[in-house]
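**Student:** With the input below, show me the fold.
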Amino acid sequence: MANTYRFAFLIQYRYSFYIYLLLLALVLTAIMIVLAIKHYKQLKKATGNHYKAFPESHLELNALLNSLNDIIFECNEDKVCLNAWFNKSNSYVVDIKTFIGKTPTDVLGGKRAAKFNHALDYVIKHRKPTSIEFASVFGTDRFFLAKLAPVFDSEGNYLSRISASVSDISEQKKYADALKQNELLLLEAQHISRIGNWWYDFKSNDSYWSASLFSILGTTTLPNGINKYNYYISLVHPDDVESYTQYLANITTSPVKQHEHRLITPNGDLKYIKVVTGDLLLDSDGNIVRVHGIIQDVTEARLAEKAVKIGRTELVEAQTIAKIGNWNWDTSLKIIKWSDEIANTAELSQQFAGQYSIIKLLLKHTHQHDRFILQHFLKSVSTINNYTCVFRIVTSSGKIKYVSIIVGKLITREDGSIKKIVGTLQDITDRKQAEIDFKLSESKYKLVLETIKLAALSVDKNGTITFCNHHLANLLGYDQDQIIGKNWTDFIPSSQKEVIAGWLTDNAVKPQYINPVICRSGEQRIISWQNTVVHDEYGQIKETTSIGEDITDQQKATEALIYAKELAEKASEFKSEFLSIMSHEIRTPMNAVIGTTNLLLSEDPKPEQLEYLNILKFSGENLLAIINDILDYNKIEAGKLELNDVLFDIHSLAQKIRKSFSPKALEKQLEIELIIDKAIPQFVLGDQMRLSQILNNLIGNAVKFTHKGKIAFSMDKESVDETQVTIKFTIADTGIGIAEKNLKMIFDPFMQESQFINSHTGGTGLGLAITKRLIELHKSNIYVISELDKGTQFTFSLSYMLPEKKDIEPAKDDSTTLNLYGMNILIVDDNKMNLFIASKFLKKWQANVDEALDGSIAVNMVNNKIYDVIIMDLQMPVMDGFEASRIIKALYPDLPIIALTADAMPETYNKALEAGMSDYLTKPFIPGMFFEKISKYYKPRV
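**Tutor:** Modelled structure (predicted):
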């Protein structure tokens, strides 16, 4: 029982304990729930605040990003892009999100990503910022700047992150390039306008000159031991030093900001200089610190002003001759100013010039029936551009004159209104009278035309014939009623129908037209039409009336003329070809004669041999000059012959010409007397060759036509000053003379005084014709006095410029000093005599010479040996010089080739240059010139 009770008690106690534990658990659970609810409320409240703040921060971040054009990347040390921030409203060539989670190499490829990988490596290694500039890697024309930097926290700890900000700098680059270009343009503008800038510092006594200022002064640096101020003063023209130093002394106090003076550069050039001072730079106490300014080379402007002054004088003279005066009209002041020539034309007094009453004065003297023309001119200022009018005036003496007013220039204000009008007034009375006479004769001509049968035709807008005259009907071979009512295109060849019909369709008939018409017989006649169109009220063609002239015969004549012209052109081509061949064939043996003479002269001949050789050389060269002029007579006829100015000894020239004719004169027992006025300077500037030719022709004729007595050759001074001398040449003989009736024709080409003279003395008859043309080229004339059996005298005067003393050097023989030592030269010529002469001279000058007989051989030799220069003939068998030069130049473009040819025609010279030749020399050559051409390419051997 007791055990039972104890068991029951234990059971009850255990249940109570369990209940207690359960209650305790429930209490604890309740407490936990209460606390959880409390925390939940707090958390909910806090979370609500955060959620409320997050959109605001998000909006601020978006606003910040949208205000920027940069793209910001964040990547780790593996170069993987973790984040990217950018303005989503912008458009990009590539989707920026493509980079997230990838490396630059993944997106761009190894080659394009290399620059970015190097920059990332630098930041990771050094943990320092860097930047790179790059062009778009996606093919656009944009430029970018990437700034890369390591990312640190607030305590300065490196977070193993790299940020990269990418900016579009295309506009900045464009502005930077533009700025650089503007700087270059400024420098170029200074150079073009000849301006240099300078400054002077009063505290440091330092100064600055720009490079362009040095250039203006004609130097690059200052001489040693002299400052800029003293150096500049040394260049100022002596007459301007005082005024310029005074200007500099007052530069800080005088209101005058500029000064002009002359200076002489180190090279001796005279220049006009303008100095302009800028504003003074002051310190805080008002003391002058620095002055700056510019100088400008105004030489051209000042010389132009002088030329303008001279030009004005010449203009006044020209206006007087042409009866042209100038005027200008100030429209605001209503003042007209005119030149003296206008006053002379109208016989008006200049006392009213510049006064308003001058307009009334003009109207007063204008013909009463023409005043409306001048009034319209005066009222139409706003539409006066390119205005021309003609009216009559009545002069003070009652003469009626026609004058022409032309508006030459309009000067406008900023608002476009006309400020001043400039123009001319010309007396055209003579021309107008000629026009009146012409119109009278034209009226008479039209009356005559009415009696001449011309084709007349009228058609309507559809081309239907409404009228034709008898002449057209007869021309076509029909009666008039058979033509009227038909379409005009029925009488036009099919090739022309669309053209004629198109006129009517397009409402545009040509005023003049030439077309064939088909006659009844099938023959086609060519008609030249003058068309007149009548339009209806809508501007459409109503009727066309045409007057036509049968020009079939003229057309045939024109075709014949064209054919004749073509034949003449072919003949001209044949003539040029003939002259070219003749030049080549004559010059080749002349090269041997003159070349051999020059070789003998270079061999130190005996004195008596030297005299003969000099005469031979002089005569040969003059003979060549005469041959040249004969061959180029077509050039003289065309007016294409030009004179050359060279320095020569005119006394020596006269002596040489006399000596060259002495042997012939001695054969005929004649004396050639030479008298030279001592007042004639020894050296002059002119065309020695042309003077030689003139004198050779005249003295040669004198010797030829004189059988006893003498020839007198004199040179007399007509005038002389510091720059020019005029010499009168006289050649007189005691020969057979010329009949008075033949004096006028002796200067005609291919003419001689008589057939007797021609048959007994020979000659082409060109000598005096060429002489006359050459003297006329010198702007002079030749005069002749002659009497049969008593003799002839020719006189002419020529003017020559005088050289400066420094240009006169005594003649010297450079043959012993000429040196081409070690130069490798190839001579190409099919004429062995030419090869011999050229080689002799080159070897005398110590050159190494090889020879080739045609162009093909020359090409092979050039491929096997290095040459410094090639002397190339042009006309050769197998391969000519042109083809050889083209081949050699293609292989060795820097190898100089000099043409040495007997062909002196201009077209051959041009052809040689086109083939690649570097220079051109004609045979026979002058040794000095031959050496000069080759020595350009000589490089001395060490």
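**Student:** Give me the below-cutoff pLDDT ranges for the stretch 751-900 of the chain.
**Tutor:** For the stretch 751-900 of the chain, the stretches with pLDDT under 70 are 751-765, 809-817.
**Student:** make it 80
**Tutor:** Counting by pLDDT under 80, the stretch 751-900 of the chain contains low-confidence ranges at 751-767, 806-818.
**Student:** Mind listing what's buried along stretch 530-543?
**Tutor:** 531, 533, 541 (16 or more other C-beta atoms under 10 Å). From N, CA and C alone the C-beta is placed, and that goes for glycine too.
**Student:** right, I mislabeled it, should have said stretch 202-217
**Tutor:** For stretch 202-217, the neighbour count (16+ other C-beta under 10 Å) marks 207, 209, 210, 212, 213, 216, 217 as buried.
**Student:** And the third one, how far from residue 231?
**Tutor:** It stands for residue 210. 15 Å (C-beta to C-beta, to the nearest Å).
**Student:** The stretch 651-800 of the chain: helices as residue ranges?
**Tutor:** 688-705, 755-761, 767-777 (DSSP state H, counting those that start in this stretch).
**Student:** Tell me which of those helices sits most buried.
**Tutor:** helix 688-705 (a mean of 22; mean count of other C-beta atoms under 10 Å).
**Student:** then that helix to PDB, C-alphas only?
**Tutor:** Provided in PDB are the C-alpha atoms of helix 688-705 (Å, rounded to 0.1, in the frame of the first residue of the first chain):
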ATOM      1  CA  GLN A 688      77.300  90.100-129.400                       C
ATOM      2  CA  MET A 689      76.300  87.300-131.800                       C
ATOM      3  CA  ARG A 690      73.600  89.400-133.500                       C
ATOM      4  CA  LEU A 691      75.900  92.500-133.900                       C
ATOM      5  CA  SER A 692      78.500  90.200-135.400                       C
ATOM      6  CA  GLN A 693      76.000  88.900-137.800                       C
ATOM      7  CA  ILE A 694      74.900  92.400-138.800                       C
ATOM      8  CA  LEU A 695      78.500  93.600-139.300                       C
ATOM      9  CA  ASN A 696      79.500  90.400-141.100                       C
ATOM     10  CA  ASN A 697      76.700  90.800-143.600                       C
ATOM     11  CA  LEU A 698      77.400  94.400-144.300                       C
ATOM     12  CA  ILE A 699      81.200  94.200-144.500                       C
ATOM     13  CA  GLY A 700      81.000  91.000-146.400                       C
ATOM     14  CA  ASN A 701      78.800  92.600-149.000                       C
ATOM     15  CA  ALA A 702      81.100  95.600-149.200                       C
ATOM     16  CA  VAL A 703      84.100  93.300-149.800                       C
ATOM     17  CA  LYS A 704      82.100  91.200-152.300                       C
ATOM     18  CA  PHE A 705      80.900  94.200-154.400                       C
END
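**Student:** coming back round to it: do you know which of the helices of the stretch 651-800 of the chain lies nearest residue 862?
**Tutor:** helix 688-705 (36.2 Å; C-beta to C-beta).
**Student:** on contacts alone, who are the packing partners of that closest one?
**Tutor:** With contacts defined as 3 or more C-beta pairs under 8 Å, 6 or more residues apart in numbering; DSSP states H and E, helix 688-705 has these neighbours: helix 607-631, helix 650-667, strand 710-720, strand 724-733, helix 755-761, helix 767-777, strand 791-801.
**Student:** So for that helix, mean pLDDT?
**Tutor:** Over the span of helix 688-705, the pLDDT mean works out to 91.
**Student:** can you check stretch 412-421 too?
**Tutor:** 79.
**Student:** buried residues in it?
**Tutor:** For stretch 412-421, by 16+ other C-beta under 10 Å, it's 418, 420, 421.
**Student:** now that stretch: how far from the chain's centre is it?
**Tutor:** Stretch 412-421 sits 34 Å away from the centroid of its parent chain (C-alpha atoms, centre = their mean, to the nearest Å).
**Student:** Can you report phi and psi for the nearest residue to residue 476 once chain neighbours are set aside?
**Tutor:** In space, and not counting its chain neighbours, residue 476 is closest to residue 519: 5.3 Å by C-beta to C-beta, 6 or more residues apart in numbering. Torsion angles at residue 519 (phi, psi; degrees, to the nearest 10) stand at phi -80, psi 170.
**Student:** correct me, but residue 519 touches residue 475?
**Tutor:** Yes - the criterion here is C-beta atoms under 8 Å, and residue 519 meets it with residue 475 at 7.0 Å.
**Student:** Which one's more surrounded, these two?
**Tutor:** Remark: of residue 519 and residue 475, residue 475 carries more neighbours, 21 against 14, as counted by other C-beta atoms under 10 Å.
**Student:** and the more buried one, that one's in a strand?
**Tutor:** No - judged by DSSP: H, G, I helix; E, B strand; the rest coil, residue 475 forms no part of a strand; its state is helix.
**Student:** got a list of what the closest residue to it other than its chain neighbours touches?
**Tutor:** Nearest residue to residue 475, sequence neighbours excluded (C-beta to C-beta, 6+ apart): residue 455, at 5.9 Å. Residues in contact with residue 455, defined by C-beta atoms under 8 Å, 6 or more residues apart in numbering, are 468, 469, 471, 472, 475, 527, 546, 547, 548, 549, 550.
**Student:** In this structure, which residue is most central in space?
**Tutor:** Among the residues of the chain, the one closest to the centroid is residue 192, at 17.0 Å (C-alpha atoms, centre = their mean).
**Student:** so is residue 883 in a helix, a strand, or just coil?
**Tutor:** helix.
**Student:** Tell me which residues are up against stretch 539-552.
**Tutor:** 454-461, 466-467, 472, 475, 504, 507, 509, 514, 525-536.
**Student:** Distance from the chain centre to that stretch, please.
**Tutor:** With C-alpha atoms, centre = their mean as the basis, stretch 539-552 stands 48 Å off its chain's centre.
**Student:** Just the CA coordinates for that stretch, please, in PDB.
**Tutor:** Taking C-alpha atoms only, stretch 539-552 is exported to PDB below (Å, rounded to 0.1, in the frame of the first residue of the first chain):
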ATOM      1  CA  GLY A 539       5.100  83.900-124.700                       C
ATOM      2  CA  GLN A 540       4.800  80.800-127.000                       C
ATOM      3  CA  ILE A 541       6.100  80.800-130.600                       C
ATOM      4  CA  LYS A 542       3.400  82.100-132.900                       C
ATOM      5  CA  GLU A 543       5.300  82.400-136.100                       C
ATOM      6  CA  THR A 544       8.900  82.200-137.300                       C
ATOM      7  CA  THR A 545      10.200  84.200-140.300                       C
ATOM      8  CA  SER A 546      13.500  83.300-141.800                       C
ATOM      9  CA  ILE A 547      15.700  84.900-144.400                       C
ATOM     10  CA  GLY A 548      18.200  82.500-145.900                       C
ATOM     11  CA  GLU A 549      21.200  82.700-148.200                       C
ATOM     12  CA  ASP A 550      22.400  79.800-150.300                       C
ATOM     13  CA  ILE A 551      26.000  79.300-149.100                       C
ATOM     14  CA  THR A 552      26.600  75.900-150.800                       C
END
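**Student:** what's the model's confidence in that stretch, averaged?
**Tutor:** For stretch 539-552, mean pLDDT rounds to 87.
**Student:** Now stretch 89-100: buried residues?
**Tutor:** Neighbour-count burial for stretch 89-100 [16+ other C-beta under 10 Å]: 96, 99.
**Student:** what is the mean pLDDT for it?
**Tutor:** 82.
**Student:** Use 8 as the first number from now on
**Tutor:** Sounds good: first residue 8 from here, last item stretch 96-107.
**Student:** Outside of that stretch itself, list whatever touches it.
**Tutor:** For stretch 96-107, contacts defined as C-beta under 8 Å, 6+ apart pick out 73, 76, 78, 80, 88-91, 93, 114, 143, 145, 147.
**Student:** same question, stretch 179-187
**Tutor:** residue 150.
**Student:** Out of the buried residues of stretch 537-550, which comes closest to residue 444?
**Tutor:** Of all these, residue 444 sits closest to residue 538, with 29.2 Å by C-beta to C-beta.
**Student:** Please settle this for me: is that closest one part of a strand?
**Tutor:** Yes - assigned with three-state DSSP, residue 538 falls within a strand.
**Student:** Around the closest residue in space to it that isn't next to it in sequence, how many other residues sit close by?
**Tutor:** Spatial nearest neighbour of residue 538, excluding adjacent residues (C-beta to C-beta, 6+ apart): residue 553 at 4.8 Å. Using other C-beta under 10 Å, residue 553 has 20 neighbouring residues.
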